[in-house]
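# I would like the atomic coordinates for the input below:
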Amino acid sequence: MIIRDILDKEWNCECLGCSIGNGEFTPPGDIIKSTKNFLLHQDPEVPIKAFLIIDSKKHIKSISELTYEESQELFELAYKARKALKIIKDIKEVTIIQEERSGHFHLWLLPRYEWMDEKFANSLSAVRDIFLYAKENNKTEENITDILSTVDTIRNYMK
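Next comes the predicted model:
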């Protein structure tokens with residue numbers, strides 16, 4: 001599949017999560033935090049500042065495939081990432097989403113901003129429309145610069 005990231009780079013990969021995990025694909029702003037089993041990074045395709053993804057380094061589909069120790073590691077990383085998002089002043093709240101429809105386990109930490117409240121309901125059913133809107137309207141040079149700067153801020157916080 002062809003992936004076009006927020007920097008307009010095209011990547012050809014079979015599994016985006018595996019490609020990030022093995023270093024074939026570098027998310028915009030690079031990896032924020034790497035643990036034994038997980039990677040934290042900015043979403044590569046949706047230009048929403050501080051929209052973070054936690055990917056499994058191994059190819060699994062469901063959280064139920066994790067060992068207990070891996071689940072503890074995942075929760076600790078998600079907790080620390082959510083704490084880091086508190087330093088981003090314009091985030092109103094964060095929705096954490098994990099679904100099993102994709103072929104590779106990942107967890108979304110999706111921040112909610114005022115611009116979203118002005119255009120979309122505050123519900124899971126609005127997420128797809130928010131993503132489409134962001135892809136069509138948020139790929140400005142100013143916004144991409146802000147996203148990359150925020151990635152650095154979060155990385156520094158998580159050291």
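
# Low-confidence bits of this structure, can you list those?
For the chain, no stretch is flagged by pLDDT under 70.

# where exactly do the helices run in it?
Using DSSP state H, the helices of the chain run over 16-21, 68-85, 114-119, 127-137, 141-157.

# Give the buried residues for the fourth one.
So the one you mean is helix 127-137. Under the neighbour-count criterion of 16 or more other CB atoms under 10 Å, helix 127-137 has 127, 130, 131, 133, 134 buried. C-beta: built from backbone N, CA, C; applies to glycine.

# Tell me, how many residues neighbour residue 92?
11 (other CB atoms under 10 Å).

# so residue 98 sits right up against residue 110, yeah?
No - using CB atoms under 8 Å, residue 98 is not in contact with residue 110; the gap is 11.2 Å.

# okay, the two: which has more neighbours?
Neighbour totals were compared for residue 98 and residue 110, and residue 110 leads with 21 against 14 (other CB under 10 Å).

# if I look at residue 56, how far off is residue 135?
The gap separating residue 56 from residue 135 is 25 Å, by CB to CB, to the nearest Å.

# Thought residue 158 was touching residue 80, still the case?
Yes - Residue 80 lies in contact with residue 158 (CB under 8 Å); the separation is 6.0 Å.

# which residues are in contact with both of those two?
residue 33 (CB atoms under 8 Å, 6 or more residues apart in numbering).
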